[in-house]
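sequence-free structure coming up:
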């Protein structure tokens, strides 16, 4: 799957619109994921995953910052995310199925907050973007 | 599906506000836009060449409304989704030849359409309740496959 020029433009425009809310939205996405897909909590037994916790806010910011980096390097995600890819492969080892759960919950969050800006085309581009990031993060698993 | 009393209540409260035709059309439209390979089942629908063509396509709107009306019926029988959707399951296997993975994809599009139209009510807990229902309906529709 390849991000077209239109997809890249959609992702950048949307990320600009999200602006300073990225950390807040990703934290909400995480909460939605832990609530709808409780098996995802197994990777976070060392932190407080209750809604609104300081740990979730911190983790939301960490993930949001990584996504912002990705948005700035859409032409070369593997290089930009190489270290994170190593971390996921060798240390975190999150089963690949879980990336789909987080991606879906991020889309639900954006659908709720972006209103009319969450058009079907934007939705499609974002889905492809999140899937591309997930592919890079799981690319060194074996 | 196993729903708590609070979850059942959240589902029925929100569903009372839902425009079934509108959500159905949006969910099916988004499925065809975001996962274009799903268009394989709808070759007779005419122009699906762009996102705007898909979202304004009369066949898509009417079929989306029909699918969601059926889903709506299922909400009245949450303790026996397999029984409720048995005939539809046979139809989707034997006549329509639809891979059940598509039911999961459409279920997620229904969830996204609900979040889009009812942002303040579609809290994480309400979403979780709907994820259980859409998973239950998808499993029920796949149950008779052979």
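All right, it came through fine. What you see is a predicted model, and the numbers here were worked out from it, not measured in a lab.

residues in contact with residue 26?
Using chain A. A:60-61, A:63-64, A:67, A:106, A:109 (C-beta atoms under 8 Å, 6 or more residues apart in numbering or on different chains). Every C-beta, even on glycine, is put in place using the N, C-alpha and C of the backbone.

I was thinking of chain B, sorry if that wasn't clear
For residue B:26, the contacting residues are B:55, B:64, B:113, B:116-117, by C-beta under 8 Å, 6+ apart.

just residue B:39 next, same as before
Residues in contact with residue B:39 (C-beta under 8 Å, 6+ apart) are B:32, B:48.

Which ones among the contacts of residue A:26 also lie next to chain B?
For chain B, the contacts drawn from those by C-beta under 8 Å from any C-beta of the partner chain are residue A:109.

Return the members of the contacts of residue A:26 classed as buried.
Neighbour counting with 16 or more other C-beta atoms under 10 Å in any protein chain shown marks A:60, A:63-64, A:67, A:106, A:109 as buried within the contacts of residue A:26.

of the residues you listed, closest to residue A:37?
Closest approach to residue A:37 among those (C-beta to C-beta): residue A:106, at 12.8 Å.

Give the buried residues for the strand or helix carrying that closest one.
Per DSSP states H and E, residue A:106 falls inside helix A:97-114. Buried residues in helix A:97-114, counting neighbours by 16+ other C-beta under 10 Å, are found at A:98-99, A:101-114.

just to revisit the earlier point, any chance of the buried ones among the contacts of residue A:26 in CSV, plus pLDDT?
Formatted as CSV, those follow (pLDDT from 0 to 100):
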residue, pLDDT
A:60, 98
A:63, 98
A:64, 98
A:67, 98
A:106, 98
A:109, 98
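
Please give the element, helix or strand, for residue 65.
Answering for chain A, as no chain was given. Using DSSP H and E, residue A:65 falls in helix A:54-71.

Please refer instead to chain B.
Per DSSP H and E, residue B:65 falls inside helix B:58-74.

And residue B:114, by the same measure?
helix B:101-117.

now whatever helix or strand comes next after that helix, how far from the chain's geometric center?
Using DSSP H and E, the next helix or strand after helix B:101-117 towards the C-terminus is helix B:124-142. How far helix B:124-142 lies from its chain's middle: 10 Å, per C-alpha atoms, centre = their mean, to the nearest Å.

Also stretch A:111-129?
Relative to the centre of its chain, stretch A:111-129 is centred 14 Å away, using C-alpha atoms, centre = their mean.

Considering the contacts of residue A:26, which is situated nearest to chain B?
Closest approach between the contacts of residue A:26 and chain B, by C-beta to the nearest C-beta: residue A:109, at 7.7 Å.

Hmm, residue A:24 and that closest one touching each other?
No: under the criterion of C-beta atoms under 8 Å, residue A:109 makes no contact with residue A:24, lying 9.3 Å away.
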